[in-house]
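In: Show me how the following folds:
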Amino acid sequence: MYRIPLIDYNQIPDLATEYPNSNTNYSAFEFKYQSISAIITERQQHLDAVSHEISRLETVMDSIKHIHQQLVAKKDKIITQSMNLHKRLVSALWRLPTEVLSQIFVYCLPDDHHLLPAPHLAPMLLTGICRRWRVVAMGTPSLWSRLSVSEDAQQAAFCYDSWLKRSRRSSLCTAMAS
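Out: Numbers count the residues shown, from 1 in each chain. So this is what the prediction gives:
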């Protein structure tokens, strides 16, 4: 966190030079040249110090503005994400019991008696929609009980292994695809 140092404004010198108010025999020329030069030098040093402090404070203010803009953007993003999440939670689809959703998934299966593992078809497609659908689909053994094995089974061994594990104790119907 950036810390802004406190400034003691009582330490800023009073730069007023005392000159007599009356028009007596006192004049500025009575000051020695060195005294006037010293006053000018001192005033220039004070001016430089104040200008430097103003510049430093402007830099701090710019940093604070930048941090403020980042925080506002982050707040807006978080609020928007939270609202969208909560809107999804009240959606009718999210309120469906798991058992109902898994039965709907069974009706999504292609009409083919045996299924080729394909990412664009159920049940594989259902696992890619959202986390809940993935959990429900993977927990529904009847989605994974029909499998068509291609001739190049060695290449797809991992896919078949996952398919078989997901079918669990459900009766499994397999066929060799040509």
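
In: Pull the contacting residues for M138.
Out: 127, 166 (Cβ atoms under 8 Å, 6 or more residues apart in numbering). Bear in mind the C-beta positions are built from the backbone N, C-alpha and C, glycine included.

In: now the residue positioned nearest the centre of the chain: how far from H66?
Out: With distances taken as Cα atoms, centre = their mean, the residue of the chain nearest its centroid is K74 (6.6 Å). As judged by Cβ to Cβ, to the nearest Å, K74 and H66 stand 13 Å apart.

In: just D48 next, same as before
Out: 27 Å.

In: In which helix or strand does S63 reside?
Out: helix 33-89 (DSSP states H and E).

In: Tell me, how many residues neighbour the residue nearest to W94 when sequence neighbours are not counted?
Out: Spatial nearest neighbour of W94, excluding adjacent residues (Cβ to Cβ, 6 or more residues apart in numbering): R88 at 6.2 Å. For R88, the neighbour count with other Cβ atoms under 10 Å is 12.

In: what do you get for A137?
Out: A137 has 23 nearby residues by other Cβ under 10 Å.

In: May I see the buried residues of stretch 166-178?
Out: Residues of stretch 166-178 classed as buried by neighbour count (16 or more other Cβ atoms under 10 Å): 166-167.

In: which other residues reach that stretch?
Out: In contact with stretch 166-178 (Cβ under 8 Å, 6+ apart) are residues 113-114, 116, 138, 141-151, 164.

In: Out of those, which comes closest to E58?
Out: Closest approach between the contacts of stretch 166-178 and E58, by Cβ to Cβ: M138, at 58.7 Å.

In: What does the pLDDT read for the residue nearest to the centre of the chain?
Out: At K74, the model reports a pLDDT of 89.

In: measure it to T80 for me?
Out: K74 sits at a distance of 11 Å from T80 (criterion: Cβ to Cβ).

In: And for L126?
Out: 28 Å.

In: out of these two, which sits in the more crowded spot?
Out: Applying other Cβ under 10 Å to L126 and T80 shows that L126 carries more neighbours, namely 22 against 10.

In: so where does the residue nearest to that one when sequence neighbours are not counted fall, helix or strand?
Out: Among residues not flanking L126 along the chain, A137 sits closest, at 4.2 Å (Cβ to Cβ, 6+ apart). Using DSSP H and E, A137 sits in helix 131-138.

In: got the angle for that helix vs helix 33-89?
Out: Here helix 131-138 points in a direction 30 degrees away from that of helix 33-89 (axes from the mean of the first three to the mean of the last three Cα atoms, to 10 degrees).

In: Can you point out the buried residues in helix 131-138?
Out: Of the residues in helix 131-138, those buried (16+ other Cβ under 10 Å) are 133, 136-138.
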